[in-house]
Every structure is written in structure tokens, then in C-alpha cells.
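Novice: Structure of the sequence below:
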Amino acid sequence: MASYLRSWLTLPTVASTSSEAISTFQSSLEDEDEGSDTEREDNDAPPAFPSLNSAQRMQSIPTILTDSQLMPPPPNPNFRNRTIGVSTPGGLAVPPTTTKPPVKPSKKREKVALAPGHSPLDWAALKSSGKDLRGVDSLMRIPPSVLKVHNTREDAWSAFNGKVYNITAYLSFHPGGEKELMRVAGRDGTKLFALTHAWVNVDFMLDSCMVGFLVSEPSS
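Specialist: Residues are numbered from 1 along each chain as shown. This is a model prediction of the structure:
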């Protein structure tokens, strides 16, 4: 009986002790939950980019120049004293080299009106007709002393690129006129031909008029 009463009297103490332990355990769980929420919120927040102390943020800060570092303004041009064709310091005049008039050629080449039946097509037809335009039986070796004898309108020879042609029949077909072609009659006209119309194929144009090759003077 005494043991029963002793156990009955000690029950509230055990209950209070267990209730205190339960309340302490619950408060510790709540503290852990609050700490985990706080840590989760901190982890989800994005970091600052670029970081506050990074070089990118330092470079983005604009630099304010002082008055001594700024470019000075251009000088005010004096429009009253400006001369056409002469550039002034700080002005916008055209350079003098572009204001000078172009140099006119000393002599202007003009085409001569040819007589009917003397067009390039007529000359091509004459070459293919089989008519003798050479005036010689075979090709010859022609020195300058022999070439200079043929310098008339009735008998005109000229040398181009080392080949000698009888240009007598071609005089009236020349687009520049007979007078211009007679300038090379009786001599080597390679240089003048290259300066006048180097794009023309003289070998094809005068192939039917070839009489020989230009050679040096024989030694005495």
C-alpha cells in the first residue's frame, strides 16, 4: 500500500518533466525550420553582377575631362580675304591642284572623212580580192638606205616592228588621212605608230602589203 501511494505521488513530476521535454523539442524544431528558411532565401537571391568591386564597374564610370584636355575649337575662317583656288588655314577651300584647268593637248587628232568605198570593210575586201599589193616578187632584206628611197605617194614604204610594208595602196584607206600616214613613209614608223594607236594589229592590217624585213646597213 505504501509503495502504491509513493508511485501515485510522483506521477505529476514525471508528467511535468515529459511535458517540458516535449516543449523544448518542439521549440528546437521551430528554430531549425526558421534557420532553414532563412538559408534558402539567401541561396535563391541572385548575386550582384558585376560585383561591386570588379574592374567592369570601375571602367563604366565616365571620366570628366578638364578644360586643358579638351580639343580647342577651330579658328574662325576669314571669308573676306579668301582667294578662289587658294586654301587658307582652317578654311574649306578646294586644294589648288583641283582648281587648275586641265592642260590641253598640243594637237588634237581628228578622223578624216574618207572617200566612198574606202572604209575598213572595203580595205578588207581589197586584201582578200587577190590583187597584188606588194609590188615585189619575193620578200627582201631591206636596209634603211633602201627604205628611205620609197617616200612618195606613188611609192611609199614603211617599217613597223622590223617588217617593211608597201603602204601605197593603204594611203587612201587610212582613217587619219594620207598626210598623217606619209609621215612614216621611207622610214621606221614603229615609235610613232605605238604612240598613236598601239592597240591596232598592224601585222593583220597590212599582211598583204609586206615586202620584206628591215635589217642593218651592210658593212663596207
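
Novice: quick one, what contacts residue 202?
Specialist: If you count contacts by Cβ atoms under 8 Å, 6 or more residues apart in numbering, residue 202 has them with 160, 161, 165, 193. For every residue, glycine as well, the C-beta is placed using N, CA and C.

Novice: try residue 118
Specialist: 172, 173.

Novice: Quick check: it vs residue 128, distance?
Specialist: Going from residue 118 to residue 128 by Cβ to Cβ, to the nearest Å gives 16 Å.

Novice: cool, residue 138 as well?
Specialist: Separation of residue 138 from residue 128 (Cβ to Cβ) stands at 21 Å.

Novice: now the strands for this protein?
Specialist: Using DSSP state E, the strands found in the chain span residues 140-142, 157-160, 163-166, 210-214.

Novice: Quick one: low-confidence residue ranges for the chain.
Specialist: 1-62, 75-111, 220 (pLDDT under 70).

Novice: Next, count neighbours for residue 155.
Specialist: Neighbour count for residue 155, taken as other Cβ atoms under 10 Å: 14.

Novice: so what's the residue nearest to it when sequence neighbours are not counted up against?
Specialist: Spatial nearest neighbour of residue 155, excluding adjacent residues (Cβ to Cβ, 6 or more residues apart in numbering): residue 168 at 6.0 Å. Each residue near residue 168 by Cβ under 8 Å, 6+ apart is listed here: 135, 153, 154, 155, 156.

Novice: What separation is there between residue 168 and residue 123?
Specialist: Residue 168 is 13 Å from residue 123, by Cβ to Cβ.

Novice: Can I get the buried part of the contacts of residue 202 as one ChimeraX selection?
Specialist: Buried residues among these (16 or more other Cβ atoms under 10 Å), as a ChimeraX selection:
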select :160,165,193
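
Novice: Reformat the contacts of residue 202 as CSV; add distance to residue 112.
Specialist: Shown next, in CSV, are the contacts of residue 202 (distance: Cβ to Cβ, whole Å):
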residue, distance to residue 112
160, 20
161, 25
165, 20
193, 17
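
Novice: Closest one of the contacts of residue 202 to residue 66?
Specialist: Using Cβ to Cβ, residue 193 comes nearest to residue 66 of the contacts of residue 202, at 71.6 Å.

Novice: Now do the same contact list for that closest one.
Specialist: Neighbouring residues of residue 193 by Cβ under 8 Å, 6+ apart: 160, 184, 200, 202.

Novice: One more: residue 189?
Specialist: When contacts are counted by Cβ under 8 Å, 6+ apart, residue 189 is found next to 158, 159, 160, 183.

Novice: what do you get if the cut-off is 6 Å, keeping everything else the same?
Specialist: The contact partners of residue 189, taken as Cβ atoms under 6 Å, 6 or more residues apart in numbering, are 158, 160.

Novice: separation between it and residue 138?
Specialist: For residue 189, the distance to residue 138 (Cβ to Cβ) stands at 23 Å.

Novice: same question, residue 166
Specialist: Distance, residue 166 to residue 138, by Cβ to Cβ: 13 Å.

Novice: who's more crowded, those two?
Specialist: Of the pair residue 166 and residue 138, residue 166 is the one with more neighbours under other Cβ under 10 Å, namely 22 against 7.
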